[in-house]
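[1] kindly generate the corresponding structure for this input.
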Amino acid sequence: MKDVTPDALDPDFAADATAGDASTGDGDVRIVTFGCRLNAYESEVIRKRAAEDGLSDAVVFNTCAVTNEAVRQARQAIRKARRERPGARLIVTGCAAQIDPAAFAAMPEVDLILGNAEKSQAGSYAPQVMPPGAEPLRVRVNDIMSVRETAGHLIDGLKDRARAYVEVQNGCDHRCTFCIIPYGRGNSRSAPAGEVVEQVRRLTAEGYREIVLTGVDVTSWGADLPGQPTLGQLVARILKLVPDLPRLRLSSIDAAEIDADLLRCLAEEPRLMPYLHLSLQAGDDMILKRMKRRHLRADALKLVAEVRAVRPDTAFGADLIAGFPTETEAMFENTLRLVEEAGLAFLHVFPFSARPGTPAARMPKVKGDAVKARAARLRAAGDAALARHLAAQVGRTLNGLVERPGVARAEDFTEIAFSGEATVGEVAALRVTSHDGRRVLATVLEAEAA
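    Numbering: from 1, shown residues only. Predicted coordinates:
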């Protein structure tokens, strides 16, 4: 059984949908993953469930719904898979299937549609036993809002060769006007702290040097648990109870929800990696209000300043949307200036994509050519910001987790291309000599056994 997943370590919902080639040999099962790292994580559950259920000669598409383009890519991949494997069983699941199962049911190529809750349930991929004369259920998608538990306790962690991921939370209680994801993921629900700690302990014992805590709205972790613990308290508990864990990293966080305990961990715990990817979306107060975000421009700048005051080496990334409905040139300029004012180093830029069923889809649109132009300007600002960040690393020695031969990731998320010997999974001391605008170039000084 093979998986196809994104290669990059992308914060959740911070990259356009990606997938590999869906073709494979007869008798094989392939998992094709689109979109966020959380989806890739959950594809590990699908892989295990499919194997337990005895699924064979099939392709499972774990879809994304964050943009129209993500849905288009999924439909295109399904059609391609049917051409290449006419006898295979094609199963569609994930956020796009949860939100609009009828659209996939209308595709003659699709054999089965599973909702986001159903995709991780035992027996979902087993042959259906039906009464004589009855047709198997082709669409099995229930109300995601009725789900009260996260499936995190079912997963040992999505593992690549260097790090492992632990789902601590799923769903979202907020209703940003542009976002369809809550209707695919349901309301926020947290994995209990004890189960998270046990997962981290188990993965650390297996030799993983870095654990990434992931979810849809990670900073809301704990709000639905007894006593309403905070994400910062969970982080502190992990670092205390798993002393052998070298590096703990957070995925994308909401700028409105960083708590005092998390700030304290950043100040006091060097094993908590100094990188925060912020779900900012815009830098103009009126647009933020129309997006129904819970922070304003000043809040974002205050957060960055507070973190840098306690952990000066922290780097920041952000998601930003270009061309949100009603955005004027002056409003866009406020977002553009935020990149430099906040000292952002890593940008994920999205041209606005109207998702049917969201309030933003009914708002007055910005012309398409203006949206594209603004996205290009934001990306250019992001390239310049990254170049500044990389230039500041030249001459420094960075501790890089080796992700694959010749490529490592620094504590602050900087990508490092290096020469010299260091094994995948090691943390190596790397001397930075230059940069190429996308990553720093370095040589190995020292590598420790993982």
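
[2] name the nearest residue to residue 319, ignoring sequence neighbours.
    Residue nearest to residue 319 in three dimensions, not counting chain neighbours: residue 348, with 4.9 Å by Cβ to Cβ, 6 or more residues apart in numbering. (Glycine included, C-beta is placed from N, CA and C.)

[3] where's the one you found, which helix or strand?
    Element membership of residue 348, judged by DSSP states H and E, is strand 346-351.

[4] which residues of the stretch 151-300 of the chain fall in helices?
    Assigned by DSSP state H, counting those that start in this stretch, the stretch 151-300 of the chain shows helices spanning 182-185, 193-205, 231-241, 260-268, 285-291, 297-310.

[5] highest mean neighbour count out of those?
    The highest mean neighbour count among the helices of the stretch 151-300 of the chain, using mean count of other Cβ atoms under 10 Å, belongs to helix 182-185: a mean of 22.

[6] nearest spatial neighbour of residue 163, skipping sequence neighbours?
    residue 210 (4.0 Å).

[7] wait, isn't the one you found in contact with residue 250?
    No. With contact defined as Cβ atoms under 8 Å, residue 210 does not count as touching residue 250 (11.5 Å).

[8] and for the two, which residues touch both?
    residue 273 (Cβ atoms under 8 Å, 6 or more residues apart in numbering).

[9] tell me, how many residues neighbour the residue nearest to residue 319?
    Neighbours of residue 348 under the rule other Cβ atoms under 10 Å: 21.

[10] help me confirm that it comes into contact with residue 321.
    No. Using Cβ under 8 Å, residue 348 is not in contact with residue 321; the gap is 9.9 Å.

[11] ok, residue 69 - how many residues close by?
    14.

[12] now do the one 10 residues further on
    Burial of residue 79 is recorded as 16 neighbouring residues (other Cβ under 10 Å).

[13] how far is the helix or strand containing it from where the chain is centred?
    Secondary structure from DSSP H and E places residue 79 in helix 68-84. Taking Cα atoms, centre = their mean, to the nearest Å, one finds the center of helix 68-84 at 21 Å from the center of the full chain.

[14] packing partners of it?
    Under the contact definition 3 or more Cβ pairs under 8 Å, 6 or more residues apart in numbering; DSSP states H and E, helix 68-84 sits against strand 58-63, strand 89-94, helix 95-99, helix 101-105.

[15] now it: buried residues?
    If you call a residue buried by 16 or more other Cβ atoms under 10 Å, then helix 68-84 has these buried ones: 70-71, 73-75, 77-79, 81-82.

[16] for residue 387, state which of those residues is nearest.
    residue 70 (28.8 Å; Cβ to Cβ).

[17] re earlier: out of the buried residues of helix 68-84, who's nearest residue 185?
    Of all the buried residues of helix 68-84, residue 185 sits closest to residue 70, with 14.2 Å by Cβ to Cβ.

[18] for the closest residue in space to residue 215 that isn't next to it in sequence, which residues make a bridge with it?
    In space, and not counting its chain neighbours, residue 215 is closest to residue 169: 3.3 Å by Cβ to Cβ, 6+ apart. On the basis of DSSP bridges, residue 169 is bridged to residue 190.

[19] for the residue nearest to residue 350 when sequence neighbours are not counted, grab phi and psi.
    Excluding the flanking residues, the one nearest residue 350 by Cβ to Cβ, 6+ apart is residue 321, at 5.0 Å. Phi and psi for residue 321, reported as degrees, to the nearest 10, are phi -100, psi 130.

[20] contacts only, for residue 321.
    178, 281-282, 291, 349-352.

[21] report pLDDT for it.
    Turning to residue 321, the model gives it a pLDDT of 96.

[22] distance of the residue nearest to residue 163 from residue 406?
    Residue 210 sits at a distance of 18 Å from residue 406 (criterion: Cβ to Cβ, to the nearest Å).

[23] ditto for residue 237
    36 Å.

[24] same question for residue 341.
    Counting by Cβ to Cβ - residue 341 and residue 406 are separated by 35 Å.
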